[in-house]
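**Student:** Pasted the sequence and its predicted model underneath.
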Amino acid sequence: MRALEQKYPHLDVVFEELEPVEEWGVHRSWQVDVAIVDGLALSDIPINVGGETESLMVDELLVMLPTTHRLVRSKSIAVEFLKEDPWALDISGTYSQAIIDACERVGV
């Protein structure tokens, strides 16, 4: 950041954390030039409208299982395989909603 400020002294760089839907709305209304947006929360929004996008990374959703669970040694677990198990989700937010959406898509 310091090198960027020295090279471009009139550049105003501001970092602000917003919820994903807010981030995309701010970017689409041209209030910012660059937005790093969590695409996980935007599955129903066409994020390529009105600008260019570049994928930075792919999120993994992880499950924590007791050491005695029947699937504990699996490298990958489909949501359907956990439909009979008790679940605990974090407070409502981007990731818990993504998990709920993934469950609903497969009828869990």
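**Tutor:** The structure has been received and is ready for your questions.
**Student:** And what about A102, helix, strand or coil?
**Tutor:** Classification of A102 using DSSP: H, G, I helix; E, B strand; the rest coil returns helix.
**Student:** For the closest residue to it other than its chain neighbours, which residues are in contact?
**Tutor:** The shortest distance from A102 to any non-neighbouring residue, by Cβ to Cβ, 6 or more residues apart in numbering, is to V79 (5.4 Å). Glycine gets a C-beta too; all of them are placed from N, C-alpha and C. With contact set as Cβ atoms under 8 Å, 6 or more residues apart in numbering, V79 has these partners: I99, A102, C103, V106, V108.
**Student:** Which of these ranks first by neighbour count?
**Tutor:** I99 (18 neighbours; other Cβ atoms under 10 Å).
**Student:** Is it within a helix or a strand, and which one?
**Tutor:** In this structure, I99 sits in helix 94-105 according to DSSP states H and E.
**Student:** about what we covered before: which of the contacts of V79 sit farthest apart?
**Tutor:** I99 and V106 (11.5 Å; Cβ to Cβ).
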